[in-house]
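[1] A predicted structure for the sequence below; I have some questions about it.
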Amino acid sequence: MGERSIVVIMIYRWIKKLVVYSVKAGLTQAEDIDYTINRLLELFQLEDYQDPEGEDIAVQAARLSEEELSLEDILASLLDYAQEKGYLEDSIVYRDLFDTRIMGLLTPRPSEVAARFKKEYAKSPKEATDFYYKFSQVTDYIRSYRIKKDMKWVTRTEYGDIDITINLSKPEKDPRAIAAAKQAKQSGYPKCLLCKENVGYAGRVDHPARQNHRVIPVTIHGQDWGFQYSPYVYYNEHCIVFNNEHVPMRIERATFRKLLDFVALFPHYFVGSNADLPIVGGSILSHDHFQGGNYEFAMARAAIEYEFKIPGFEDVQAGIVAWPMSVLRICSQDDERLVELADHILLKWRGYSDEAAGIYAETNREPHNTITPIARKRQGVYELDLVLRNNLTTEEHPLGVFHPHAGLHHIKKENIGLIEVMGLAVLPARLKDEMELLSQYLLEGKDPRSNELLEKHADWVEEFLPNHPGLSADNVNEVLQEEIGKVFLQVLTHAGVYKRTPEGQEAFRRFIQRL
């Protein structure tokens, strides 16, 4: 048998295995098997097909386990074939574009997915989200095999257990893809990564492919929105809810109504919004959207440490949450009363200044005060957590007064958005290699300042090292994780507009008295 014949048999084998996977995952029905094979043959520029084994695909799908049908391995083999044939470059960007194109051939049409979701929702909201979350994984929209690479641990603090993750699932672009993106014709379609026009989009070097992406239509506050999962899943069932119109983020009365409408539809989920100002907002301020999921963060578990009544809203429970940031929690079975009170607090905060506390509502006509709101429903009671935010900058703190200060940038420099506010640190991938190298330096007694990659951590090491006289190869990783968790706690404290001191809490209560 010639080399060419062996290669052809192998591509037939991997095509068949992908179709077997698709049948097993419920993406391809028995009536669609031949159709699916032909679509794949067309993609791989093959004119015929021979079954390499002789076993019926449906029978094989029933016989093999999910573990025996590794999608990562199947796609990698198909991509290697395409690369050998010369119609795919050896680059993570181009490989991601191509394997998404492959999976797009297996993914049902948007209307079919929406209809199935609606059918499951008639049983229960949870059955609907269970179906959709699994669907988003088996279609490879959520690349589960990459998510597993993320480093995750829990740090115990006085505020509860906070989650730490080093994000390793987002692929870094290689230099060739970056160069190609610069030379490519600039496109304004889709307008951003959240727009509904991403569904089925082929992508390009500067925009991910989305042929396997499906969005569930939802109606909140009488508007058409979309519901999807994040492809990077920072926590369980991490979802994104976005306006069908490309309109900018804005925290206003309608925001609270939309959040509460969503948790009414999906009471097992929380949902929250990033703030609507730079520095304290998210990475995409140009498109109105929320993030939610089936997860309980440390902030949600935190208790109310100081209760108070607000005139005109005595029927609504209100209090300060025991959390490093400045959080008001309001609770009621009447969701409309929560909307009214949240709007009242927002308007008061927008215009509030307290020079003694370093809080200025605006400078040079630039507004600084806003809110990061989070909604949930527990045992029939609606809750809104309102996190007070301020994006003032000064010469001393050009990235923000209420932002991680320069001494913490070696661990976390990025914006403190919704996810961090709730108690999950999403840390940069660079820390994995840096911490591995730092652990070697600590065990060998080397000075981190002698290494260009590690010198930024030197002051931090000098501060915590005396607290760990028994440092060894057995506990060095645990020590570093513990200390990173402590840094993140400082990050949250810096982001709080009112400090966790008697003076800071007194200033916090001054604002409450204005309500």
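    Cool, the structure landed.

[2] Tell me the first helix or strand C-terminal of the helix or strand of the chain with the lowest mean pLDDT.
    Across the helices and strands of the chain, mean confidence by mean pLDDT, DSSP states H and E is lowest for helix 175-183: a mean of 56. Next helix or strand after helix 175-183 toward the C-terminus (DSSP states H and E): strand 216-220.

[3] Next secondary structure element downstream of that following strand?
    strand 223-229.

[4] Give me the distance from the very next helix or strand once past that following strand to the chain's centre.
    Following strand 223-229 in sequence order, the next helix or strand is strand 239-243 (DSSP H and E). Its chain's C-alpha centre and that of strand 239-243 lie 11 Å apart, by CA atoms, centre = their mean, to the nearest Å.

[5] now the helix or strand following strand 239-243 against strand 216-220, angle please.
    The helix or strand immediately downstream of strand 239-243 is helix 253-265, counting by DSSP H and E. In terms of direction (axes from the mean of the first three to the mean of the last three CA atoms, to 10 degrees), helix 253-265 departs from strand 216-220 by 120 degrees.

[6] List the residues that contact Thr165.
    Applying CB atoms under 8 Å, 6 or more residues apart in numbering, we find Thr165 in contact with 150-152, 234, 424-427. C-beta here means a position set from N, CA and C on the backbone, and glycine is covered the same way.

[7] tell me which element it is part of?
    strand 160-166.

[8] how far does stretch 123-136 sit from the chain's center?
    Relative to its chain's centre, stretch 123-136 lies at 19 Å (CA atoms, centre = their mean).

[9] May I see the buried residues of the longest helix along the chain?
    Counting by DSSP state H, the longest helix found in the chain is helix 3-24. For helix 3-24, the neighbour count (16 or more other CB atoms under 10 Å) marks 8, 11-12, 14-24 as buried.

[10] how about the next helix or strand after that helix: buried residues?
    Sequence order places helix 33-43 as the next helix or strand after helix 3-24, per DSSP H and E. Buried residues in helix 33-43, counted by 16+ other CB under 10 Å: 33, 36-37, 40-41, 43.

[11] got it, and stretch 294-302?
    Buried residues in stretch 294-302, counting neighbours by 16+ other CB under 10 Å, are found at 294-295, 297-300, 302.

[12] How about stretch 124-135?
    125, 128-133, 135.

[13] Go ahead and name everything in contact with stretch 497-513.
    Contacts of stretch 497-513 (CB under 8 Å, 6+ apart): 306, 308, 320, 324-326, 328, 348-349, 352, 354, 356-357, 359, 388-390, 402, 493, 496.

[14] One more pass at 10 Å, please.
    For stretch 497-513, the surrounding residues in contact (CB atoms under 10 Å, 6 or more residues apart in numbering) are 158-159, 280, 305-306, 308, 310, 318-320, 322-328, 345, 348-349, 352, 354, 356-359, 368-369, 387-390, 392, 401-402, 492-493, 496.

[15] re the thing from before, please pick the buried ones from the contacts of Thr165.
    The neighbour count (16+ other CB under 10 Å) marks 150, 234, 424-427 as buried among the contacts of Thr165.

[16] Would you tell me which one of those comes nearest to Arg116?
    Using CB to CB, Tyr234 comes nearest to Arg116 of the buried ones among the contacts of Thr165, at 26.0 Å.

[17] just to revisit the earlier point, and the longest helix of the chain, C-alpha only, in PDB?
    Presented in PDB, the C-alpha positions along helix 3-24 are these (Å, rounded to 0.1, in the frame of the first residue of the first chain):
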ATOM      1  CA  GLU A   3       2.000   6.300   1.200                       C
ATOM      2  CA  ARG A   4      -0.800   8.200  -0.400                       C
ATOM      3  CA  SER A   5      -3.200   5.400   0.200                       C
ATOM      4  CA  ILE A   6      -2.300   5.300   3.900                       C
ATOM      5  CA  VAL A   7      -2.900   9.000   4.200                       C
ATOM      6  CA  VAL A   8      -6.300   8.700   2.500                       C
ATOM      7  CA  ILE A   9      -7.300   5.800   4.700                       C
ATOM      8  CA  MET A  10      -6.300   7.800   7.800                       C
ATOM      9  CA  ILE A  11      -8.300  10.900   6.800                       C
ATOM     10  CA  TYR A  12     -11.300   8.600   6.200                       C
ATOM     11  CA  ARG A  13     -10.800   7.100   9.600                       C
ATOM     12  CA  TRP A  14     -10.700  10.600  11.300                       C
ATOM     13  CA  ILE A  15     -13.700  11.800   9.400                       C
ATOM     14  CA  LYS A  16     -15.700   8.700  10.400                       C
ATOM     15  CA  LYS A  17     -14.500   9.100  14.000                       C
ATOM     16  CA  LEU A  18     -15.700  12.700  14.000                       C
ATOM     17  CA  VAL A  19     -19.100  11.700  12.700                       C
ATOM     18  CA  VAL A  20     -19.300   8.900  15.300                       C
ATOM     19  CA  TYR A  21     -18.500  11.600  18.000                       C
ATOM     20  CA  SER A  22     -21.300  13.800  16.500                       C
ATOM     21  CA  VAL A  23     -23.800  11.000  16.600                       C
ATOM     22  CA  LYS A  24     -22.800  10.200  20.200                       C
END
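
[18] hmm, back to that, now the buried members of the contacts of stretch 497-513.
    By neighbour count, with 16+ other CB under 10 Å, the contacts of stretch 497-513 hold 159, 280, 310, 318-320, 322-328, 345, 349, 352, 354, 357-359, 368-369, 387-390, 392, 401-402, 492-493, 496 as buried.

[19] which stretches of the stretch 401-515 of the chain form strands?
    424-427 (DSSP state E, counting those that start in this stretch).

[20] re the thing from before, export the buried residues of stretch 124-135 to JSON lines and tack on pLDDT, distance to Pro108 and secondary structure?
    JSON lines is the format used below for those (pLDDT from 0 to 100; distance: CB to CB, whole Å; DSSP: H, G, I helix; E, B strand; the rest coil):
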{"residue": "Pro125", "pLDDT": "98", "distance to Pro108": "21", "secondary structure": "helix"}
{"residue": "Ala128", "pLDDT": "98", "distance to Pro108": "16", "secondary structure": "helix"}
{"residue": "Thr129", "pLDDT": "98", "distance to Pro108": "18", "secondary structure": "helix"}
{"residue": "Asp130", "pLDDT": "98", "distance to Pro108": "17", "secondary structure": "helix"}
{"residue": "Phe131", "pLDDT": "98", "distance to Pro108": "12", "secondary structure": "helix"}
{"residue": "Tyr132", "pLDDT": "98", "distance to Pro108": "12", "secondary structure": "helix"}
{"residue": "Tyr133", "pLDDT": "98", "distance to Pro108": "16", "secondary structure": "helix"}
{"residue": "Phe135", "pLDDT": "98", "distance to Pro108": "9", "secondary structure": "helix"}
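
[21] before we move on, the earlier item: let's see which of the contacts of stretch 497-513 end up in helices.
    Using DSSP H, those in helices are 345, 348-349, 492-493.

[22] What ranges in the protein fall below the confidence cut-off?
    Within the chain, the ranges that satisfy pLDDT under 70 run 1-6, 171-186.

[23] May I see the buried residues of helix 33-43 arranged in a markdown table, with distance to Phe266 as well?
    As requested, the buried residues of helix 33-43 are exported to a markdown table (distance: CB to CB, whole Å):
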| residue | distance to Phe266 |
| --- | --- |
| Ile33 | 35 |
| Thr36 | 32 |
| Ile37 | 38 |
| Leu40 | 36 |
| Leu41 | 41 |
| Leu43 | 36 |
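
[24] What is the nearest of the residues you listed to Arg250?
    Leu43 (42.7 Å).

[25] which residues sit in contact with that closest one?
    15, 78, 82, 87, 98, 101-102, 104-105.

[26] Same question for Trp14.
    Per CB under 10 Å, 6+ apart, neighbours of Trp14: 40, 44, 52, 73-81.
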